[in-house]
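Colleague: Need the 3D shape of this:
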Amino acid sequence: MMSFFLSITPWPVLSALLWIVLAVATLYFARPTSHRLIKAASNSLYKVFRAASLAVTKAENGLATRNREVLLAAGREAKERIVEREFDRINETVRKDLANYSSLHRGLSESIDRIEKDHQDAVDVPPDPPGWVKAVEAVAKIESRDGRVGVSNILSDIHKSLVQAHKEAMLAYREASKERHTLLRKMRPEWRRIQQILGKVGKNVDSLLGRSVTIDRHMQEYEDIVKGEDHAVSILSSSSLVYFFVSALVLVVAIGGAVINFSLIARPMAEMVGGTNLIGGFRTADIAALVIIMVEISMGLFLMESLRITRLFPVIGALPDKTRVRMIWITFTILFLLASVEAGLAYMRELLLHDELATSALLRGDLDIATTSGSMWITTAAQMGMGFILPFALTFVAIPLETFVHSMRTVIGLLAIGTLRVLSLIFRLVGSTCRYLGVLITQLYDLPLFIPLWWAAREKDVSDGGGLQELRS
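Modeller: So this is what the prediction gives:
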């Protein structure tokens, strides 16, 4: 092919030059059309990718709005549950501890008034002096005809009476003081009891005040969520991410427990349903063990829903209380029976293992297996305990499962928003690249035409210069 192009003249170099001149001339005359074609193609690609970027951006905004609504709805529901629980706690505290607060306060006030009255009555008041002083003064003013003998006799009698009255008064005072001190001693336990009651009431009131502060904080957060504040959305987003990863970690741990549970019952199930039977390429024993574990997890979910700990199934939560209590007992009974069955299967597994060990020992001629059989009850009891406890432990998987499901919506929404944002940026970059690539291709198109373009620019400058000279002249 190349030889044909170079053989149009006897000289190959001349043929090549003729072809180059012909190509340059063709490109030069097709230059305006080619430029328009390149610009149209680049602008079309730019507009297409720009429209795609705008469409992705619009989808991202719609998804962000939807994710925001879902996040606010989930946060509002969670806050309503928290506030409801706090009010239930306050109601229970008021009902149990402060329902009879008014009568208690009245009784305490009456007791305090009685104690104060008795305390005032028990104050150490000295006895009043006898009224003999005035009598002695009156007798002293009497002028006796017989001298001071009559007065001294009277004063002696008065002195004796005074001493006797003083002794009687002191004796009565001591008896009264003894009675008052006895009364005070009896009031001491009452004081302590009143102090304990008041301290308990004070603690209850302080607890109510603390709960009221907590409720105020939750109500403020609830109002922010209802108003759709940005900081509330940010807090809910970060909380959802934390809940997602924590619940995922707990679910991984629960899956490990389910695997252990499966290993406990798979082998004895093979003895019950046959170890060689297959269903869809899987052993029937493995399928039966998985069915038992799935039924246990389902019963655990229904039990948690009936107890209103989780809210994965609104139908169960909306049941009447009587029906819900019946469902609690039914699911708990089924779960207990399945746990008992697993304990029995674990025991059967240990027996099978012991039989296999004994058979292998007999085949080897080892007679020491009987010496180790006495300690097998430890592993048997451990496996039976694991088989009985693991179904109840798997019941609590409902709590992280609910958290995982609710937080997964937010996490998937955030991932989708990030993906759409990156895709929009890629479309925008590709569109801009196509636009500037068109400019680059136009410049590269003009690169082989530099000689005719230079000659055309020179001729234009010459013509423009001649026209200017004509205008000046």
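Colleague: in stretch 213-226, what's buried?
Modeller: Under the neighbour-count criterion of 16 or more other Cβ atoms under 10 Å, stretch 213-226 has 215, 218, 221-222, 224-225 buried. Heads up, the C-betas are built off the backbone N, CA and C, glycines and all.
Colleague: show me where the stretch 351-473 of the chain has helices.
Modeller: Remark: helices assigned in the stretch 351-473 of the chain by DSSP state H, counting those that start in this stretch are 369-372, 376-395, 398-446, 450-472.
Colleague: Out of the ones you listed, which gets the lowest mean score?
Modeller: Among the helices of the stretch 351-473 of the chain, helix 369-372 carries the lowest mean pLDDT, at a mean of 48.
Colleague: which one of the helices of the stretch 351-473 of the chain lies closest to residue 305?
Modeller: With Cβ to Cβ as the measure, helix 398-446 is the member of those nearest residue 305 (7.4 Å).
Colleague: check contacts around residue 435.
Modeller: 42-43, 45-46 (Cβ atoms under 8 Å, 6 or more residues apart in numbering).
Colleague: Give the buried subset of these as a ChimeraX selection command.
Modeller: To isolate the buried ones among the contacts of residue 435 in ChimeraX, judged by 16+ other Cβ under 10 Å, type:
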select :42,45,46
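Colleague: of all the buried residues of stretch 213-226, which comes closest to residue 333?
Modeller: Once Cβ to Cβ is applied, the member of the buried residues of stretch 213-226 that ends up nearest residue 333 is residue 218, at 37.7 Å.
Colleague: Just give the nearest non-adjacent residue to residue 421, would you?
Modeller: Excluding the flanking residues, the one nearest residue 421 by Cβ to Cβ, 6 or more residues apart in numbering is residue 60, at 5.7 Å.
Colleague: Tell me how many other residues surround the one you found.
Modeller: Residues lying near residue 60 (other Cβ atoms under 10 Å) number 19.
Colleague: what pLDDT does it get?
Modeller: 87.
Colleague: Next one: residue 447 relative to residue 440, how far apart?
Modeller: 11 Å (Cβ to Cβ, to the nearest Å).
Colleague: Can you pick out the residue with more neighbours from the two?
Modeller: The neighbour count for residue 447 versus residue 440, taken as other Cβ under 10 Å, is higher for residue 440 (12 against 8).
Colleague: would CSV of the helices of the stretch 351-473 of the chain with distance to residue 20 be doable?
Modeller: Shown next, in CSV, are the helices of the stretch 351-473 of the chain (distance: least, Cβ to Cβ, whole Å):
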stretch, distance to residue 20
helix 369-372, 98
helix 376-395, 83
helix 398-446, 16
helix 450-472, 11
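Colleague: who wins for proximity to residue 314 among the ones you listed?
Modeller: Residue 314 lies closest, by Cβ to Cβ, to one member of the helices of the stretch 351-473 of the chain: helix 398-446, at 12.2 Å.
Colleague: re earlier: and the contacts of residue 435, which two are furthest apart?
Modeller: Greatest spatial distance among those (Cβ to Cβ): 43 and 45, at 7.4 Å.
Colleague: all helices of the stretch 51-200 of the chain, in order?
Modeller: Here the stretch 51-200 of the chain has its helices, by DSSP H, counting those that start in this stretch, at 101-121, 132-140, 149-227.
Colleague: By mean pLDDT, show me the worst of these.
Modeller: Among those, helix 132-140 carries the lowest mean pLDDT, a mean of 56.
Colleague: right, and the helices of the stretch 351-473 of the chain - which one's nearest residue 284?
Modeller: Among these, helix 376-395 sits nearest to residue 284 (Cβ to Cβ), with 20.3 Å.
Colleague: what does that closest one rub up against?
Modeller: With contacts defined as Cβ under 8 Å, 6+ apart, helix 376-395 is touched by 254, 257-258, 260-261, 264-265, 293, 296-297, 299-300, 303-304, 335, 338-340, 342-347, 349-350, 354.
Colleague: how far does it sit from the chain's center?
Modeller: Per Cα atoms, centre = their mean, to the nearest Å, the displacement of helix 376-395 from the mean C-alpha position of its chain is 31 Å.
Colleague: Just the buried residues of it, please?
Modeller: Buried residues in helix 376-395, defined by neighbour count with 16+ other Cβ under 10 Å: 380, 383-384, 386-388, 390-392, 394-395.
Colleague: Are any of the contacts of helix 376-395 buried, and if so which?
Modeller: Applying 16+ other Cβ under 10 Å to those flags 254, 257-258, 261, 264-265, 293, 296-297, 299-300, 303-304, 335, 338-339, 342-343, 345-347, 349-350, 354 as buried.
Colleague: wait, what's in contact with residue 43?
Modeller: By Cβ under 8 Å, 6+ apart, the residues touching residue 43 are 435, 438.
Colleague: And the closest residue in space to residue 228 that isn't next to it in sequence, how close does it get to residue 92?
Modeller: Among residues not flanking residue 228 along the chain, residue 72 sits closest, at 5.9 Å (Cβ to Cβ, 6+ apart). In this view, residue 72 and residue 92 are 30 Å apart by Cβ to Cβ.
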